[in-house]
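In: Below is the structure, and that's it, no one-letter string:
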């Protein structure tokens, strides 16, 4: 694994590109322009021509910064063995997805793939909830302090919450930005490229859900009765989980770390199946 400074550099570059991209999208929306430069089908924005050119320049400059950052990111990514030896060869993974993976996961702490799944928000099971409490309000009865920020402490409570959902009053049990980057963006790249993960997991799983008679947990609906969009999202999540399973094995092996089977397979003998 690269040095901590290299990981920090990846994280900063990915976040910086995200900031410029968000600014460009907001500016384009304000002037009624699509990403490809064409006008949006919305009510015309009333601005002076000279101001319109100024706004377009701001958007164009942000786009140039996005491209420049992506080039710099690629240079930094080459410092990591997992990128050079594996990620760069996975169809559908570009510099940005690789940046999210390397910048957010700590493979040394991820002793099992289940920890990668949990961190990404792909664990529907129950986990101990974490709350953010003011230091001067904290009591031992609240739970174990696992971190702090400014005048607050983060406390792991005895209360259980869903590992893949936001629960009011609790800190998110997963990395929301990372889940969006992988399930919301990278997964589409896999499908567009028709890579092995899309063909082996996404399509078969979606087809299985279309015929699935089992009722969804906590709901009174069968998978075959829900919307196509929901089945699509479920298939994407499954595909990303299988990708992370392979990533875990390859990355841990590259770093000379022990590899364990997922909990369900190691202890309960259950295998994931598409």
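Out: It's in. As the structure is a prediction and not an experimental result, all values here were calculated from the model.

In: just for the stretch 151-274 of the chain, where's the confidence low?
Out: Residue ranges of the stretch 151-274 of the chain with pLDDT under 70: 263-274.

In: The same query, at a cut-off of 50, please.
Out: 267-268, 272-274 (pLDDT under 50).

In: Now do the helices in it.
Out: Taking DSSP state H, counting those that start in this stretch to define them, one finds helices in the stretch 151-274 of the chain at 176-179, 187-193, 196-197, 203-210, 228-254, 263-266.

In: List the buried residues in the fifth one.
Out: Residues of helix 228-254 classed as buried by neighbour count (16 or more other CB atoms under 10 Å): 231, 234-245, 247-248, 250-252, 254. For glycine as for every other residue, the C-beta is placed from the backbone atoms N, C-alpha and C.

In: returning to that earlier point: so which of the helices of the stretch 151-274 of the chain is nearest residue 139?
Out: Minimum separation from residue 139 across the helices of the stretch 151-274 of the chain (CB to CB) falls at helix 176-179, 28.5 Å.

In: Could you list the residues in contact with that closest one?
Out: Contacts of helix 176-179 from elsewhere in the structure, counted by CB atoms under 8 Å, 6 or more residues apart in numbering, are 100, 104, 119, 120, 121, 122.

In: Likewise for stretch 227-238?
Out: Looking at what lies outside stretch 227-238 - CB under 8 Å, 6+ apart - the contacts are 122, 183, 187-188, 191, 201-203, 205-206, 209-210, 223, 272, 274.

In: Name the nearest of the residues you listed relative to residue 140.
Out: Proximity of the contacts of stretch 227-238 to residue 140 (CB to CB) peaks at residue 122, which lies at 32.8 Å.

In: check contacts around residue 9.
Out: So residue 9 contacts residue 76 (CB under 8 Å, 6+ apart).

In: so it, which of the three states?
Out: Classification of residue 9 by DSSP: H, G, I helix; E, B strand; the rest coil places it in helix.

In: returning to that earlier point: could you redo the contacts of helix 176-179 as TSV and give each row neighbour count and distance to residue 63?
Out: Formatted as TSV, those follow (neighbours: other CB atoms under 10 Å; distance: CB to CB, whole Å):
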residue	neighbour count	distance to residue 63
100	25	20
104	18	25
119	21	31
120	24	29
121	23	30
122	20	32
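
In: And for residue 78, the neighbour number?
Out: Per other CB atoms under 10 Å, the neighbour tally for residue 78 reads 12.

In: Would you mind confirming that it is in contact with residue 85?
Out: No: shown here, residue 78 and residue 85 do not form a contact pair, counting by CB atoms under 8 Å, at 11.1 Å.

In: Narrow the contacts of stretch 227-238 to those that are buried.
Out: Neighbour counting by 16+ other CB under 10 Å classes 122, 183, 187, 191, 201, 202, 205, 206, 209, 223 among these as buried.

In: No further queries at this time; thank you.
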